[in-house]
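> predicted structure and sequence below. I'll ask about it afterward.
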Amino acid sequence: MLNPRQIEAFRAVMLTGGITAAAELLNISQPAVSRLISDLQYTLKLTLFERRGSRIAPTSEALSLYQEVERSFVGLERIEQAARDLEARRAGTLRVAAMPALAIGFLPRFVARFLSQRPRVDVSLFGSSSTLVLDWVAAGQCELGFGQSPVEHATVLSEKLPPVPVVAIVPSGHPLARRSRLVPEDFAGEAFISLGASTLLRYRIDAAFADHGVQRTMRVETQLTMIACAMVAAGAGVSIVDPFTAEEYAGRGVVIIPFEPRVNIEMAVLHSAQRSLSTLAQDFLNEFRLEVAAFGLRESA
């Protein structure tokens with residue numbers, strides 16, 4: 001049976017051209033190298049080296065065998081390099097799912113910056129409702145998920161991200177577009193594009209208007225913030241939405257204005273409670289938290 005040490009000695013002799021140099025490369029004695037080569041030839045029933053004066057020369061069989069050996073060693077070296085890259089967080093694969101507010105622009109831009117520093121990292125990015133994001137993380141299809149908070153699930157851990165305030169959006173040229181801040185009273189009598197009644201953010205926005213005793217004129221209701229933004233851009237009314245989606249429509253017929261009182265969109269990162277995050281996922285999450293916090297500060301300014 002082949003001994004890995006014999007193959008290593010054979011490769012060293014082929015690389016260095018002699019027993020003495022091979023012994024130095026392997027940090028063993030010359031007799032030990034000679035013995036390993038002799039045992040290898042006996043096992044393979046091949047003559048691998050011929051003596052020519054004070055030197056040895058590889059046979060044609062040795063040259064053919066070396067090609068196969070080198071392929072194996074290159075494969076092992078690649079495995080070792082891959083392991084070093086993983087340890088250094090320079091390589092790996094990450095599967096991430098996010099709710100639409102993050103998935104349509106903010107998260108892709110973050111991923112692009114993250115990957116620019118990690119050329120051997122691959123990311124699969126999925127966008128869907130917070131409910132489906134939770135299901136994908138629970139099923140192990142994605143290592144990280146980003147959805148609305150709060151979240152409760154037996155096999156999924158939920159960690160809150162920094163809160164970010166919602167913003168008001170109005171069509172370009174609308175009288176309210178000149179305001180530096182908007183309050184509930186400013187929306188009285190305006191055609192309002194509302195989020196769906198089943199969304200948590202809709203509940204929080206409704207509460208803010210109720211606290212101020214303001215009745216809105218609901219003209220359109222939609223489950224997707226991007227549809228609300230598109231309706232505002234088309235001049236159908238005004239709305240209050242998450243700032244991530246609003247930013248995608250800035251300069252496209254939509255003016256973004258801070259809204260008071262502050263209503264936060266609360267998000268959470270989701271990951272499995274049954275396995276630890278990879279070092280790559282930990283780095284991704286740490287940097288993403290900082291990105292969200294910085295974005296929230298800009299929106300609050």
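That came through, no problem.
> I figured Ser129 hits Ala101, correct?
No: taking Cβ atoms under 8 Å as the definition, Ser129 is not a contact partner of Ala101, at 10.6 Å. Any C-beta I mention is one placed from the backbone N, CA and C, and that applies to glycine too.
> between the two, who's got more neighbours?
Shown here are Ser129 and Ala101; by other Cβ atoms under 10 Å, Ala101 has more neighbours (28 against 15).
> who are the contact partners of that one?
Residues counted as contacts of Ala101 (Cβ atoms under 8 Å, 6 or more residues apart in numbering) are Thr225, Asp242, Phe244, Thr245, Ile265.
> which residue is the nearest non-sequential neighbour of the first one?
Counting by Cβ to Cβ, 6 or more residues apart in numbering, Thr225 lies nearest to Thr245, which is 4.2 Å off, once chain neighbours are set aside.
> what's the pLDDT at the one you found?
With respect to pLDDT, Thr245 scores 95.
> one more: the one 4 residues further on?
At Tyr249, the predicted lDDT confidence score is 94.
> now Phe288: which helix or strand?
Element membership for Phe288, per DSSP states H and E: helix 279-300.
> so which elements touch that helix?
helix 60-87, strand 91-98, helix 106-116, strand 144-148, strand 164-165, helix 243-249, strand 267-272 (3 or more Cβ pairs under 8 Å, 6 or more residues apart in numbering; DSSP states H and E).
> and the closest residue to Leu48 other than its chain neighbours, how far is that from Val33?
Using Cβ to Cβ, 6+ apart and skipping the chain neighbours, the partner closest in space to Leu48 is Ala62 (4.1 Å). Distance of Ala62 to Val33, given as Cβ to Cβ, to the nearest Å: 15 Å.
> ditto for His271
51 Å.
> more crowded one of these two?
Val33 (25 against 20).
> which residues are in contact with that one?
Taking Cβ under 8 Å, 6+ apart as the test, what Val33 contacts is Ala9, Ala12, Val13, Ile19, Ala22, Ala23, Leu26.
> so what's the first one up against?
In this case it means Ala9. Ala22, Leu26, Val33, Leu36, Ile37, Leu40.
> columns secondary structure, pLDDT and distance to Leu277 on top of the contacts of Val33, output as CSV?
Listed next are the contacts of Val33 as CSV, based on DSSP: H, G, I helix; E, B strand; the rest coil; pLDDT from 0 to 100; distance: Cβ to Cβ, whole Å:
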residue, secondary structure, pLDDT, distance to Leu277
Ala9, helix, 89, 42
Ala12, helix, 87, 41
Val13, helix, 89, 46
Ile19, helix, 90, 50
Ala22, helix, 88, 45
Ala23, helix, 91, 46
Leu26, helix, 88, 40
